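*Asks:* model this:
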Amino acid sequence: MEKLEIQAKNLTKMYKLYDNPKDRFKEAFNITGKKYYKEFYALKDVNFQIFKGETVGIVGRNGSGKSTLLKMLTGVLNPSDGEITVNGKISALLELGAGFNMEYTGIENVYLNGTIMGIPRKEMEKRLDDIVSFADIGEYINQPVKTYSSGMFVRLAFAVAINVDPDILIVDEALAVGDTRFQLKCMDKFVEFMEQGKTVLFVSHDINSIKRFCKRTIWINNGNMIMDGETDEVTDNYIDFLKSELTLEEYMERKSNPVKQEESETGKTSEIAEFESLSIYDKDGNEVDDINHGEDVKIRVKYNVFDTNVNEPVIGIAIRSIDNKYICGLNTLLDNHKVKWEVGSNVCELIYEKFNLTGGSYYFDVAIFDRTATVPIDYRSKAKNFFVKMGYIAEGIVVLNHHWDND
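*Replies:* The predicted structure is shown next:
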């Protein structure tokens, strides 16, 4: 069985916020039990399990509760309610050098940090050479830390944290420290940890780094755990949420209830023709809402024609991102395709071969135009929303057809 290394059960951290410092004293001596504070939940009823060898990403906006969670994992904070269980020795790259004494030398601070982490002095003596070599600050290792430059300080702090052979490593935006050579060394050590089967919690605002290193990701927002699952799906939804500029409640409502087709932008019911529906079909002919990146997909547009006295009408389909950026527009005029135009219901199909947009949420706009694709007979914005499922194979908006070569 997999070894359970971290477990959170209904983990909650509540702070009491007082409008006036005097309110603390009023509350302390109030015999009626009146509360003078407002409750603020940095974390609320968070539940998850992390097993040995997992590399788990944690994402969320500033103030979402990520730092509070990490501080409780490392024992810096105690939960207000719930339980957190950690089975293994933790080393955290959070506030590098937080346990350093500025009057002590580098060597003395190495032993001091070992004591703080509960590592015997003899054990730290065995690791001292590796720490000194990794920090690579020369003779300054024997000088008081207060004489160090900021770069030397973080190098030593990182070297101590990374060379104590932890079972669990917590990283919070701390891999890009020092110069380029030192960053390369830090990254090599980070990869070495993962290859050794260590458990890693990786917190970062760099979503591409989360995608690169983590197979699983937890999304926290305003103290609540929103998603816990496969990294690409979680991070794509998180980025969509940020782009949407909606509240979380509005975003989740739209996810569970797809956006309704908007009314015609012509401002009136067309007497010539009207858009009816847009459907998406996968390569096997199944109607879907999600599109798998790299697979063929068919778009079927239904429209009703009332007046056939229109010369060479045009059907257009455009894709926009969730933040309304124009991604791609195609129409039958540009592709020299004659559409069916008979009284009653008609169908026009568009096939995307090897659909190559990157993961995330998008919309289809649909339009019926005159022969010049200038005059809209009927234009429907947000006729259909869809989600692209894609693993971490590229960055940006689209994956262009390509291959690598050595000349």
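
*Asks:* please count neighbours and contacts with C-alpha atoms only from this point.
*Replies:* Noted.

*Asks:* now the residue positioned nearest the centre of the chain: which helix or strand?
*Replies:* Closest residue to the average C-alpha location of the chain: Thr235 at 3.3 Å, with C-alpha atoms, centre = their mean. Using DSSP states H and E, Thr235 falls within helix 231-244.

*Asks:* CA atoms only: put that helix into CSV for me.
*Replies:* This file holds the C-alpha atoms of helix 231-244, laid out as CSV (Å, rounded to 0.1, in the frame of the first residue of the first chain):
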residue,chain,number,x,y,z
THR,A,231,-2.9,19.1,-12.9
ASP,A,232,-3.8,20.1,-16.5
GLU,A,233,-7.5,20.1,-15.8
VAL,A,234,-7.2,22.0,-12.4
THR,A,235,-4.7,24.6,-13.7
ASP,A,236,-6.6,25.3,-16.9
ASN,A,237,-9.8,25.9,-14.9
TYR,A,238,-7.9,28.1,-12.5
ILE,A,239,-6.5,30.2,-15.4
ASP,A,240,-10.0,30.4,-16.9
PHE,A,241,-11.3,31.7,-13.6
LEU,A,242,-8.6,34.4,-13.5
LYS,A,243,-9.3,35.4,-17.1
SER,A,244,-13.1,35.5,-16.6
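
*Asks:* hang on, the earlier thing: which residue, other than its chain neighbours, is closest to the residue nearest to the centre of the chain?
*Replies:* Distances taken as C-alpha to C-alpha, 6 or more residues apart in numbering place Ile207 nearest to Thr235, at 6.9 Å, with adjacent residues excluded.

*Asks:* wait, the one you found touches Asp236, no?
*Replies:* No - assessed by C-alpha atoms under 8 Å, Ile207 is found out of contact with Asp236, at 9.0 Å.

*Asks:* quick one: which of these two has more around it?
*Replies:* The neighbour comparison of Ile207 against Asp236 (other C-alpha atoms under 10 Å) goes to Asp236, with 21 against 18.

*Asks:* that one and Thr358 touch, don't they?
*Replies:* No - here Asp236 does not reach Thr358: they are 9.3 Å apart, not a contact under C-alpha under 8 Å.

*Asks:* low-confidence ranges, the stretch 201-350 of the chain, go.
*Replies:* The stretch 201-350 of the chain contains residues with pLDDT under 70 at 257-269.

*Asks:* buried stuff in the helix or strand following the helix holding Thr235?
*Replies:* For helix 231-244, the following helix or strand on the C-terminal side (DSSP H and E) is helix 248-256. Of all the residues in helix 248-256, those buried under the rule 16 or more other C-alpha atoms under 10 Å are Tyr251.

*Asks:* again, but for stretch 38-51
*Replies:* Buried-residue list, stretch 38-51, by 16+ other C-alpha under 10 Å: Tyr41, Ala42, Leu43, Lys44, Asp45, Val46, Asn47, Ile50, Phe51.

*Asks:* closest to Arg61 among those?
*Replies:* Ala42 (12.7 Å; C-alpha to C-alpha).

*Asks:* CA atoms only: put whichever strand or helix holds the closest one into PDB for me.
*Replies:* Assigned by DSSP H and E, Ala42 belongs to strand 37-51. C-alpha atoms of strand 37-51 as PDB (Å, rounded to 0.1, in the frame of the first residue of the first chain):
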ATOM      1  CA  TYR A  37     -14.600  40.600  16.800                       C
ATOM      2  CA  LYS A  38     -15.400  39.500  13.200                       C
ATOM      3  CA  GLU A  39     -14.400  36.000  12.100                       C
ATOM      4  CA  PHE A  40     -12.000  35.700   9.200                       C
ATOM      5  CA  TYR A  41     -11.300  32.200   7.900                       C
ATOM      6  CA  ALA A  42      -7.900  31.800   6.300                       C
ATOM      7  CA  LEU A  43      -8.800  28.100   5.700                       C
ATOM      8  CA  LYS A  44     -12.100  26.400   6.100                       C
ATOM      9  CA  ASP A  45     -12.900  22.700   6.100                       C
ATOM     10  CA  VAL A  46     -10.000  21.700   3.900                       C
ATOM     11  CA  ASN A  47      -9.600  17.900   3.300                       C
ATOM     12  CA  PHE A  48      -6.900  16.100   1.300                       C
ATOM     13  CA  GLN A  49      -4.400  13.200   1.400                       C
ATOM     14  CA  ILE A  50      -0.900  13.200   0.000                       C
ATOM     15  CA  PHE A  51       1.000   9.900  -0.400                       C
END
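
*Asks:* quick revisit: any idea how far Lys71 is from the residue nearest to Thr235?
*Replies:* 22 Å (C-alpha to C-alpha, to the nearest Å).

*Asks:* one more: Ser91?
*Replies:* 12 Å.

*Asks:* before we move on, what about Ile377?
*Replies:* Taking C-alpha to C-alpha, one finds Ile377 at 59 Å from Lys71.

*Asks:* more crowded one of these two?
*Replies:* A side-by-side neighbour count of Ile377 and Lys71, using other C-alpha under 10 Å, places Ile377 first with 23 against 15.
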